[in-house]
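Undergrad: below are the sequence and a predicted model; questions follow.
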Amino acid sequence: MATFSEPVRNPVTTHTCFQHLPLVDISGLYAPDLPTRQATARALGQAAHEAGFLYITGHPLQPASFQSLVDITRAYFSQPLDRKMQDYIGQSSNHSGYVPMGEEQFASGSIDHKEAYDIGYDYLTEQGRRPMLGATQWPDFPGFKSTVQAYYREALQLGNTLFRGFALALGLDEDYFETITLNPPSQLRLIHYPFNLAASDKPGIGAHTDYECFTILFPTQDGLEVMNGAGDWIDAPVIEGALVVNIGDMMEILSNGYFMATSHRVRKVQQERYSFPLFCACDYDTLIQPIAGLKPHRADKLYQPLYCGDHLYAQTIQTFAYLKKRLAEGQIRLPQNAQALSSFGHLTQS
Ligand SMILES: O=C(O)CCC(=O)C(=O)O
Ligand SMILES: [Fe+2]
């Protein structure tokens with residue numbers, strides 16, 4: 001296994017030393033009776049507590065939606081770079097568009113060997129637009145918008161069901177998250193890790209936690225690695241038809257450490273690889289702090305309240321080259337309470 005320069009691991013973790021990710025059939029979250037939904041939520045909650053990462057089956061997304069998404073993404077990325085740069089994310093008003101290789105850098109400073117297209121919530125109302133919430137920059141590419149938007153909507157619906165499951169798992173009202181997930185700045189990324197025969201020890205994507213509440217990930221190839229409670233990297237291979245769900249920074253705060261943002265990275269594999277994370281956030285102005293009544297699970301952490309959109313924006317400013325440049329030139333500022341990269345989960349910056 002390749003060794004990359006790693007941040008320091010925080011020894012306090014709720015995670016077990018799992019050797020594979022747990023798998024939860026979530027079909028019970030769609031059951032008409034509450035006891036079945038509660039039992040499924042308990043399984044979801046246990047997996048999220050002990051591993052922070054799990055496979056889900058029994059979700060309503062269909063193979064045809066996955067296939068259409070992969071086909072249109074492959075077609076889009078096969079265009080020449082100068083064509084894709086016409087959709088460059090740095091020219092959008094709300095952080096959506098094409099992300100060339102090297103644009104995004106995580107804490108280790110290493111370059112990721114990937115390109116991406118970031119899709120936002122496509123918030124078309126004038127009022128309430130923010131740096132990470134507005135009209136998505138769509139490329140002029142036949143079939144792209146309709147296909148990607150259809151997947152986005154299905155996956156966001158699934159996210160709403162998972163929010164209900166997490167609410168039950170935390171002992172809250174099932175609809176606890178409903179009023180704070182009306183127009184969330186939830187991003188869908190289309191990621192392409194190009195074929196590379198010599199790809200042995202390069203990071204496809206460096207170690208990090210996701211910033212939002214949780215992520216719903218559809219990967220087409222192996223390569224994902226997840227850190228367990230012992231600090232070991234565990235392979236999360238593709239399971240046909242299953243999606244991967246993982247806990248992000250904001251769910252760690254909301255749950256008072258019961259769920260922990262979980263570090264992961266992608267090993268560069270020789271095969272061409274696509275992956276599609278949908279990062280499920282709360283509304284932009286939601287104050288993210290431990291939910292009243294939830295007891296603390298991490299003695300080492302006193303969570304500072306922060307606004308959902310501000311946290312996303314702060315982390316994005318610190319990782320995207322075009323925003324780092326604007327910050328250095330004084331055109332933009334970090335939001336108040338901005339956290340350093342890698343402030344959550346069991347990896348913290350040295
Ligand atoms: O490509 C993957 O499987 C994971 C991508 C990821 O972790 C991310 O974009 O945050
Ligand atoms: Fe991630």
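TA: Done, it's in. Ligands and ions are numbered 1, 2, ... in the order given.

Undergrad: and the residue of this structure nearest ligand 1?
TA: Among the residues of the chain, Ser275 lies closest to ligand 1, at 3.2 Å counting by CB to the nearest ligand atom. (Each C-beta comes from the backbone N, C-alpha and C, glycine too.)

Undergrad: what are the phi and psi angles of the residue lying closest to Gln157 once chain neighbours are set aside?
TA: Of all residues not flanking Gln157 in the chain, Pro60 sits nearest, at 7.9 Å (CB to CB, 6 or more residues apart in numbering). Phi and psi for Pro60, reported as degrees, to the nearest 10, are phi -90, psi 0.

Undergrad: and Pro60, what does it touch?
TA: Contact analysis of Pro60 by CB atoms under 8 Å, 6 or more residues apart in numbering lists Tyr30, Glu154, Gln157, Leu158.

Undergrad: related to what we said a few turns ago, now the residue of the chain closest to ligand 1, what's its secondary structure?
TA: strand (DSSP: H, G, I helix; E, B strand; the rest coil).

Undergrad: that one contacts Val266, correct?
TA: Yes: with contact defined as CB atoms under 8 Å, Ser275 counts as touching Val266 (7.5 Å).

Undergrad: what does the stretch 201-350 of the chain put close to ligand 1?
TA: Residues of the stretch 201-350 of the chain lying close to ligand 1 (CB under 6 Å from any ligand atom) are Ile205, Asp210, Leu217, Pro219, Leu224, His264, Val266, Ser275, Pro277.

Undergrad: what do you get if the cut-off is 5 Å, keeping everything else the same?
TA: Contact residues, the stretch 201-350 of the chain versus ligand 1 (CB under 5 Å from any ligand atom): Pro219, Leu224, Val266, Ser275, Pro277.

Undergrad: lowest-confidence member of those, which is it?
TA: Scanning those for pLDDT, the low point is Val266. It has 90.

Undergrad: and it, what are its bridge partners?
TA: On the basis of DSSP bridges, Val266 takes part in beta bridges with Ile205, Leu224.

Undergrad: ok, it touching His208?
TA: No: between Val266 and His208 there is no contact under CB under 8 Å: 10.0 Å.

Undergrad: show me where this protein has its helices.
TA: In the chain, the helices defined using DSSP state H lie at 34-50, 63-77, 81-84, 144-169, 249-254, 308-317, 321-328.

Undergrad: just say which of the ones you listed is most tucked in.
TA: Highest mean neighbour count of those: helix 249-254, a mean of 26 (counted as mean count of other CB atoms under 10 Å).

Undergrad: please compute how far that helix lies from its chain's middle.
TA: 13 Å (CA atoms, centre = their mean, to the nearest Å).

Undergrad: list the helices and strands that helix packs on?
TA: strand 287-288, helix 308-317 (3 or more CB pairs under 8 Å, 6 or more residues apart in numbering; DSSP states H and E).

Undergrad: okay, the angle between the longest one and helix 321-328?
TA: Meaning helix 308-317. Helix 308-317 runs at 100 degrees relative to helix 321-328, counting by axes from the mean of the first three to the mean of the last three CA atoms, to 10 degrees.

Undergrad: which secondary structure elements does helix 308-317 contact?
TA: helix 249-254, strand 287-288, helix 321-328.

Undergrad: and the second one, how far out from the chain middle?
TA: How far strand 287-288 lies from its chain's middle: 18 Å, per CA atoms, centre = their mean.

Undergrad: same check on the longest one?
TA: Using CA atoms, centre = their mean, the distance from the centre of helix 321-328 to the centre of the chain it belongs to is 22 Å.

Undergrad: what's the mean pLDDT across it?
TA: Here the average pLDDT along helix 321-328 is 96.

Undergrad: what do you get for the first one?
TA: pLDDT averaged over helix 249-254 equals 95, rounded to a whole number.

Undergrad: okay, it in PDB with CA atoms only?
TA: Extracted C-alpha coordinates of helix 249-254, given in PDB (Å, rounded to 0.1, in the frame of the first residue of the first chain):
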ATOM      1  CA  ASP A 249     -18.600  17.100   9.800                       C
ATOM      2  CA  MET A 250     -22.000  18.600  10.400                       C
ATOM      3  CA  MET A 251     -23.700  15.400  11.500                       C
ATOM      4  CA  GLU A 252     -20.800  14.900  13.900                       C
ATOM      5  CA  ILE A 253     -21.600  18.300  15.500                       C
ATOM      6  CA  LEU A 254     -25.400  17.900  15.400                       C
END
